[in-house]
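1. all I have is the shape, not the residue letters:
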């Protein structure tokens, strides 16, 4: 079966598919020819779907990406610049949550949006772990606190840098300064040897965070959780990731307790031009 299939009745031979192909594996033998793969192109293809997505005539199909399976772009849903700015500035790091759990199918929908985040050469290395039960989240928080107590005992320079004495004291006083009583934590992980994984996981979690408000949910990057998952062997064991995989990011998720009413200010951008 051919990797690419061209509907010759629809194809206008305009060359757009060849021009956008990231790995330059589509060619036209002459001006009257239809697009074809170069020799060995099937091995070079990264399965990004650009050729299918860009064709204005719906003439191109990929072996794993049929034209009819790829929804058309809805121009009416695209944001204008002012709407994009408002959307991004509306994003808040949520640290106060209601007691309600989020339905599993909602979390699944969120992840299914975030999986479309870009990754190096479209390797899509990101895997997901959802710590769903609140009691399990709190149990994992206990491992984070154990890691902090270990650093305090060892007089690590991280103690002062990360205000660990203060964090532990909050925990001992009955509050949760790690996951802020969020009902769920979502972890991204990938194989430790995949060089594309750190960026891919970070971008995927960013997609997740930006998607969350549309579901009336809130999220916050779980920095303490993430650090302990990277450096504390007992917590790594409890996470139970597949052999060879490591954590590349964590995010707390839940229904926000409060609604924010204003768009706060930030520092002016420092820009260099060359």
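-> Structure's in. What do you need? Please read all numbers here as calculations on a predicted model, not as lab measurements.

2. now the strands for the stretch 101-250 of the chain?
-> In the stretch 101-250 of the chain, the strands defined using DSSP state E, counting those that start in this stretch lie at 127-131, 184-191, 218-221, 245-254.

3. contacts for the longest helix anywhere in the chain, please.
-> The residue-count maximum for a helix in the chain (DSSP state H) belongs to helix 134-153. Around helix 134-153, the neighbours that count as contacts under Cβ atoms under 8 Å, 6 or more residues apart in numbering are 101, 131, 158-159, 164-165, 167-168, 171, 176, 178-179, 182-185, 224-225, 227-228, 231-232, 234-235, 238-239, 252. (C-beta placed from N, C-alpha, C; glycine too.)

4. try it again with 7 Å
-> With Cβ atoms under 7 Å, 6 or more residues apart in numbering as the contact definition, helix 134-153 has outside contacts at 131, 158-159, 164-165, 167-168, 171, 176, 178-179, 182-185, 224-225, 228, 231-232, 234-235, 238.

5. likewise for stretch 113-124?
-> 46-48, 125-126, 196, 199-200, 203-204, 207-208, 211.

6. try stretch 8-19
-> So stretch 8-19 is contacted by 26, 27, 28, 34, 35, 51, 54, 55, 57, 58, 59, 60 (Cβ under 7 Å, 6+ apart).

7. next one: the first one from residue 13, what distance?
-> Between residue 26 and residue 13 the distance is 12 Å, computed by Cβ to Cβ, to the nearest Å.

8. what do you get for the third one?
-> Computed as Cβ to Cβ, the residue 28 to residue 13 distance reads 7 Å.

9. are any of the contacts of stretch 113-124 buried, and which?
-> Among those, those scoring as buried are 46, 48, 125, 126, 196, 200, 203, 204, 207, 208, 211 (criterion: 16 or more other Cβ atoms under 10 Å).

10. need the distance between the two termini of stretch 55-70.
-> This stretch, stretch 55-70, spans 12 Å end to end (Cα to Cα, to the nearest Å).

11. okay, the contacts of stretch 113-124 in TSV with pLDDT and distance to residue 262 next?
-> What follows is the contacts of stretch 113-124, written out as TSV (pLDDT from 0 to 100; distance: Cβ to Cβ, whole Å):
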residue	pLDDT	distance to residue 262
46	96	43
47	96	44
48	96	40
125	98	38
126	98	34
196	98	38
199	98	32
200	98	34
203	98	28
204	98	29
207	98	25
208	98	24
211	97	22
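
12. with distance to residue 90 added, can I get those in a markdown table?
-> Formatted as a markdown table, the contacts of stretch 113-124 follow (distance: Cβ to Cβ, whole Å):
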| residue | distance to residue 90 |
| --- | --- |
| 46 | 34 |
| 47 | 34 |
| 48 | 30 |
| 125 | 30 |
| 126 | 25 |
| 196 | 30 |
| 199 | 25 |
| 200 | 25 |
| 203 | 20 |
| 204 | 21 |
| 207 | 16 |
| 208 | 16 |
| 211 | 13 |
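
13. center of the chain - which residue?
-> In the chain, the centroid-proximal residue (Cα atoms, centre = their mean) is residue 204; its distance is 1.0 Å.

14. next up, the contacts around that one.
-> Taking Cβ under 7 Å, 6+ apart, we find residue 204 in contact with 114, 115, 117, 126, 188.

15. still on that earlier bit, among the contacts of stretch 113-124, which are in helices?
-> 199, 200, 203, 204, 207, 208, 211.

16. quick check: the second one touching residue 127?
-> No - with contacts defined as Cβ atoms under 7 Å, residue 200 does not count as touching residue 127, sitting 10.4 Å away.

17. anything in contact with each of the two?
-> Counting by Cβ under 7 Å, 6+ apart, the shared contacts of residue 200 and residue 127 are residue 190.

18. cheers, nothing more for now.
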